[in-house]
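Colleague: return a 3D structure for these sequence lines:
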Amino acid sequence: MRQISAPLIMQIKNLLIKNKIPQRDQNYYLKWLRYYFDFCHKYGFKESDTQSLPNFIKKLKEKKQTIAQQKQAVRAITIYYDSTQSQPGHSIKELAQQPPKTVVVQEPSGSFRSSPRATLQPGYGKHDSASKKGVQKGARKIWNNAFKNLANEIKVRHYSPKTLKSYSTWVRKLSYYCKVNDPELLTTNDVKEFLTYLAVKQKVSASSQNQAFNALLFFFRHVLNREFGKIDGVVRAKRKPYIPVVLSREEIDAIVANLKYPYDLAVKLLYGCGLRLFECLNLRIQSFNFDFSILTVHDGKGKKDRTVPLPQIITPDLKAHLEKVKAQHDKDLDEGYAGAFMFDSIEKKYKNSAKEFVWQWFFPAKILTFVPETNEYRRYHLHERHVQKAIKRAVNKTKICKRATAHTFRHSFASHLLQANYDIRTIQELLGHSDVRTTMIYTHTIKSQTKKEAMSPLDF
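Modeller: Model prediction:
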């Protein structure tokens, strides 16, 4: 893209001040001029020919620029005409083609450029440093409001805190990459270049690229209130078929033997009930029905509930653990603690629920957590990192040649049921999968037991 010469920039800036253009908008006026120069050069118009202006505005309409942006562009070019007419001895061409100092100007929405990494670098005038600080401060405020709106949109849909964290991270990375002061200036071209940058330069995985796409799609639709539109030229990365790691029963028993209480009991539930790690740690006392040997998983992945059978072999261990949790709870009440952390507004509906035994965590944290806002102590569940580290240490001690994590026990649960000839639909319900195709991946983890020879059922 062609640069604007320093003398012309200074002259236009003076005219912008005379025309009482706000400091925060002056860089945008300069950017419209750059696009105008590129347009004239590309389509063979003269910069001094006023007939080129209607064609330029027509091009802006094709680029789906807003009415406000079109008006701003017209005013910027009009001021440019005034500047060239008021400077004797220099034609428009001479002013535009003078050897420029390096002045990079931030791009507005729907630009004709190829790189989104341009930002205003003030270097002229008395108050440039002050204005730069003002722009940065204002930009931070605008972006903070955008992130607050993003958080509100995610919370109102009851998405998980991890979704909020990942979506906010991708939007923040996009803002750093494009370096725009206002998220309203983001375009689908910016997203296209960012996704290409992630795939080509950063070499992120297919799942990360797709997660970034979904995060930015959500941001455009629900925060910026704009349709995402088509992003041509960027191929959505396809995930390769993943074959999960499966442990044998002997390997699982060896890992459990190297785990200390209560991590061994947590792993037995991960494998025995096919739970995800957070589903296991989020269990509360009321989730267990020992009379019918049923475990109810509340608010699993996708906010779905399901029931799974409790393993009979570990029922005595679960009841013994329950007695220890009750003793710890009684001790906490005697010491005046405020109860367990609750979800949503359940505590407003049931005022004493946080202190009731049925609402306590089945795997409570070892220490209380201080809440400075209310000046009280509450108890949370075991931290997932502690469980993950305990599993890793146990796996290393067993010296098995497999990369086993907390989720590996869930894979093993499904594979061992399939190996025992359980129906795939039954396994799907136990795992809480919405689509049976997700469950079908476990057919690749065991040897096929299907008879290949064609026979008539009359001959069975």
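Colleague: how about the strands in the protein?
Modeller: For the chain, the strands defined by DSSP state E cover 288-289, 294-297, 306-309, 369-371, 376-378.
Colleague: quick one: buried residues of the second one?
Modeller: Going back to what we said before, that points to strand 294-297. Neighbour counts using 16 or more other C-beta atoms under 10 Å place 295, 297 of strand 294-297 among the buried residues. Bear in mind the C-beta positions are built from the backbone N, C-alpha and C, glycine included.
Colleague: partner strands of it, with direction?
Modeller: strand 288-289 (antiparallel), strand 306-309 (antiparallel) (DSSP bridges).
Colleague: which one of those lies closest to Y81?
Modeller: With C-beta to C-beta as the criterion, Y81 lies closest to strand 306-309 of those, at 69.4 Å.
Colleague: quick one: buried residues of that closest one?
Modeller: Buried, per 16+ other C-beta under 10 Å, within strand 306-309: 306, 308.
Colleague: now it - C-alpha only, PDB.
Modeller: Provided in PDB are the C-alpha atoms of strand 306-309 (Å, rounded to 0.1, in the frame of the first residue of the first chain):
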ATOM      1  CA  ARG A 306     -27.500 -38.900  33.500                       C
ATOM      2  CA  THR A 307     -27.400 -41.900  35.800                       C
ATOM      3  CA  VAL A 308     -24.900 -44.700  35.900                       C
ATOM      4  CA  PRO A 309     -24.700 -47.900  38.000                       C
END
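Colleague: and the strands paired with strand 294-297 as JSON lines, adding mean pLDDT?
Modeller: Formatted as JSON lines, the strands paired with strand 294-297 follow (pLDDT from 0 to 100):
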{"stretch": "strand 288-289", "mean pLDDT": "96"}
{"stretch": "strand 306-309", "mean pLDDT": "95"}
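Colleague: and R172, which of those strands is closest to it?
Modeller: So among the strands paired with strand 294-297, strand 306-309 is nearest, using C-beta to C-beta, at 34.7 Å.
Colleague: what's the offset of that closest one from the middle of its chain?
Modeller: From the chain centre to the centre of strand 306-309 is a distance of 30 Å (C-alpha atoms, centre = their mean, to the nearest Å).
Colleague: what does it contact?
Modeller: Contact partners of strand 306-309, identified using C-beta atoms under 8 Å, 6 or more residues apart in numbering, comprise 273-275, 293-297, 300, 429-430, 432.
Colleague: swap in 10 Å and give it another go.
Modeller: 269, 272-275, 279, 287, 289, 292-298, 300, 413, 429-433 (C-beta atoms under 10 Å, 6 or more residues apart in numbering).
Colleague: give me the buried subset of the residues you listed.
Modeller: Judged by 16+ other C-beta under 10 Å, buried ones among the contacts of strand 306-309: 269, 272-275, 279, 287, 295, 297, 300, 413, 430-433.
Colleague: care to break this protein down by domain?
Modeller: 6-112, 131-222, 245-452 (automatic domain parsing).
Colleague: out of these, flag the one nearest F228.
Modeller: Shortest distance between F228 and the domains of the chain, using C-beta to C-beta, is found for domain 131-222: 4.7 Å.
Colleague: any idea how far the closest one is from the chain center?
Modeller: For domain 131-222, the distance to the chain centre is 8 Å (C-alpha atoms, centre = their mean).
Colleague: circling back to that earlier point, okay, who's weakest in the buried ones among the contacts of strand 306-309 by pLDDT?
Modeller: Here the lowest pLDDT out of these sits on G300, with 85.
Colleague: quick one on the thing from earlier: adding distance to F228, write the domains of the chain out as a markdown table.
Modeller: Shown next, in a markdown table, are the domains of the chain (distance: least, C-beta to C-beta, whole Å):
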| stretch | distance to F228 |
| --- | --- |
| domain 6-112 | 13 |
| domain 131-222 | 5 |
| domain 245-452 | 23 |
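Colleague: so, low pLDDT: which residues of the stretch 301-450 of the chain?
Modeller: For the stretch 301-450 of the chain, the stretches with pLDDT under 70 are 448-450.
Colleague: which parts of it are helices?
Modeller: Using DSSP state H, counting those that start in this stretch, the helices of the stretch 301-450 of the chain run over 315-334, 346-349, 384-398, 408-419, 424-431, 436-439.
Colleague: now do the stretch 1-150 of the chain
Modeller: 6-18, 23-43, 52-62, 67-85, 92-97, 128-156.
Colleague: so for the shortest one, mean pLDDT?
Modeller: This points to helix 92-97. Average pLDDT, helix 92-97: 40.
Colleague: count of neighbours near Q69?
Modeller: A count of nearby residues for Q69, using other C-beta atoms under 10 Å, gives 18.
Colleague: please look at it and Y28 and confirm they touch.
Modeller: Yes: taking C-beta atoms under 10 Å as the definition, Q69 is a contact partner of Y28 at 8.7 Å.
Colleague: of the helices of the stretch 1-150 of the chain, flag the one that's most buried.
Modeller: helix 23-43 (a mean of 19; mean count of other C-beta atoms under 10 Å).
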